[in-house]
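Colleague: Okay, here's the prediction I keep looking at, along with the sequence it came from:
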Amino acid sequence: MKIAVLGSTGQTGRLIVARALERGHDVIALARRPETVDTSGNGNLRVVQADVTRPESVMTAVAGADVIISGLGITKKQDPSILTDGARLIASAASRVVWLTSLGMGSTEGALGRLNGALLKRILRHEWNAKGVAGRAVRAAHGTTVYAGPLTNKPYADNGRLIRAEDYVPRMMPPVAPRAGIAALMVAEAEAPHFADTDTIAVFSGH
């Protein structure tokens, strides 16, 4: 399978690329700065310079991809339209999209309870509306949105799964999510889509 990865140079994006390669897929890593991607020793990896602010570069990069996995994120200094434009762009460019976003935002607003939800909205107010719009764009294009709690760099113990957002029982403390686990679940959903047109939440036993 040919998988294109958006946000491939981020902490989670790098792990998505590594997981897809480990699974034997051909990977196209989209990067604004291709020189930051380690291409040594893997002939299944192709790095392409692309930027969602230049739509034609993304469309060219993902041509022929079977699925696009996005680990795209922004900093407080970046324009949140990067998220909305990126979601709309890849939704129109691929038959399947798996999109990472934050638990407690978009269609999962309220999943963290009133107090934590209000705190999250205050902390992430810069990108709050953009993430909601982006998630809806992916879902409308029959993609899978993966909502994750606070991301950690802890090892993944193969103890994660995706569940439908409506099946999640809100709790006071959000479930933490190892980045490696998120990468594994997103690649698995790309390989065998069980949640097309669906908002999902990544949960990990023991967390």
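Modeller: Arrived safely, thanks for sending.

Colleague: Settle this for me: residue 11 is touching residue 178, isn't it.
Modeller: No - here residue 11 lies out of contact with residue 178, judged by C-beta atoms under 8 Å, at a distance of 11.2 Å. For glycine as for every other residue, the C-beta is placed from the backbone atoms N, C-alpha and C.

Colleague: Next secondary structure after the helix or strand hosting residue 83?
Modeller: Applying DSSP states H and E as the criterion places residue 83 in helix 81-93. Scanning forward in sequence from helix 81-93 by DSSP H and E, the next helix or strand is strand 97-102.

Colleague: hang on, the earlier thing: how about the helix holding residue 83: buried residues?
Modeller: For helix 81-93, burial by neighbour count (16 or more other C-beta atoms under 10 Å) applies to 82, 83, 84, 85, 86, 87, 88, 89, 90, 91, 93.

Colleague: what is the orientation angle of it with strand 97-102?
Modeller: 160 degrees (axes from the mean of the first three to the mean of the last three C-alpha atoms, to 10 degrees).

Colleague: Export only the CA atoms of helix 81-93, formatted as CSV.
Modeller: The C-alpha trace of helix 81-93 is given here as CSV (Å, rounded to 0.1, in the frame of the first residue of the first chain):
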residue,chain,number,x,y,z
SER,A,81,-6.0,28.0,8.8
ILE,A,82,-3.2,25.6,8.2
LEU,A,83,-5.4,22.9,9.8
THR,A,84,-8.6,23.7,8.0
ASP,A,85,-6.9,24.2,4.6
GLY,A,86,-4.9,21.0,5.2
ALA,A,87,-8.0,18.9,6.0
ARG,A,88,-10.0,20.2,3.1
LEU,A,89,-7.0,19.7,0.7
ILE,A,90,-6.2,16.1,1.6
ALA,A,91,-9.9,15.3,1.8
SER,A,92,-10.2,16.3,-1.8
ALA,A,93,-7.0,14.6,-2.8
